[in-house]
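okay, structure incoming, though there's no sequence with it:
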């Protein structure tokens with residue numbers, strides 16, 4: 001009231017009033033400009049931060065997908081790297097055990113083979129010696145029979161021993177044939193034993209080569225799997241750290257938007 005009274009008492013009331021109105025309009029324009037700047041700032045801040053928030057949510061979704069994929073790659077009970085490593089280690093363990101078993105069996109079989117050959121060779125020597133002795137004996141007997149046959153022709157009264165010598169000679173021939181047959185079978189058995197041993201040795205060497213090749217492949221595969229596992233586990237740790245940072249940034253953006261919300265809502269509503 002005092003201000004109005006002072007204006008009325010002034011010499012030019014309208015001038016004073018118009019001047020004050022002009023001042024008020026300038027203040028309103030200034031405040032309107034400030035409000036516009038605040039509104040623009042709010043719109044820009046909200047647009048930028050909402051965009052950043054959407055990007056962070058996409059980043060978090062992507063990181064979660066990467067983490068899930070890496071976890072499956074590492075931990076899957078059927079195809080995971082840890083399962084593959086376990087299976088490869090088991091294969092190597094079984095391979096080495098098989099090598100030891102086959103080597104032991106081959107050694108034992110070879111010892112039996114040597115013992116068998118030793119016995120066969122000894123039997124062949126005995127048979128050859130027996131055949132030689134019998135042949136010598138019956139050769140002498142045959143000579144004696146011939147000599148006595150001549151004697152019988154010259155002396156009709158000589159002892160009748162021809163039939164006995166003849167029977168012994170025939171039996172001797174049968175015995176020698178039997179021993180020769182046994183000798184042939186023994187030699188044949190020895191030959192077969194050599195052949196069987198040679199084949200068994202070749203089969204063993206082929207099997208060992210296959211096992212050694214498989215062992216080398218598995219060792220190489222195991223080294224690759226272990227290297228891959230180390231890289232994937234390191235990548236998983238990094239992805240989890242990135243996820244933690246992304247979640248923190250997302251929460252920070254959300255907190256900032258929440259902080260400016262009251263003022264920006266007001267300026268947007270009342271501009």
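Now that the structure is in, tell me what you want to look at. Source: prediction; values computed, not measured.

pLDDT below threshold where in this protein?
1-33, 145-173, 271 (pLDDT under 70).

find the centremost residue of it, please.
The centroid of the chain falls nearest to residue 88 when counting by C-alpha atoms, centre = their mean (3.4 Å).

list the residues that contact that residue.
218, 221, 222, 225 (C-beta atoms under 8 Å, 6 or more residues apart in numbering). Where you see a C-beta, it was placed from the backbone N, CA and C, and this is true even at glycine.

so what's the gap between stretch 65-78 and the chain middle?
With C-alpha atoms, centre = their mean, to the nearest Å as the basis, stretch 65-78 stands 17 Å off its chain's centre.

with distance to residue 184 as extra columns, can I get the contacts of residue 88 in JSON lines?
Shown next, in JSON lines, are the contacts of residue 88 (distance: C-beta to C-beta, whole Å):
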{"residue": "218", "distance to residue 184": "50"}
{"residue": "221", "distance to residue 184": "55"}
{"residue": "222", "distance to residue 184": "56"}
{"residue": "225", "distance to residue 184": "60"}
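
how about the helices in the stretch 151-271 of the chain?
Assigned by DSSP state H, counting those that start in this stretch, the stretch 151-271 of the chain shows helices spanning 162-270.

make that the stretch 1-150 of the chain, sorry
Under DSSP H, counting those that start in this stretch, the stretch 1-150 of the chain gives helices at 2-8, 13-75, 81-154.

disregarding residues adjacent in the polypeptide, which is nearest to residue 71?
Spatially, and ignoring its direct neighbours in sequence, residue 71 is nearest to residue 236 (6.8 Å; C-beta to C-beta, 6 or more residues apart in numbering).

now do the one you found against residue 230, distance only.
11 Å (C-beta to C-beta, to the nearest Å).

do the same with residue 59
26 Å.

before we move on, what about residue 211?
28 Å.

neighbour count: these two, which is higher?
Neighbours were counted for residue 211 and for residue 230 using other C-beta atoms under 10 Å; residue 211 has more, 16 against 11.

tell me who's in contact with the more buried one.
Counted by C-beta under 8 Å, 6+ apart, residue 211 has contacts 95, 98, 99, 102.

which of the residues you listed tops the neighbour count?
Result: residue 95 is most packed of those (other C-beta under 10 Å), 18 neighbours.
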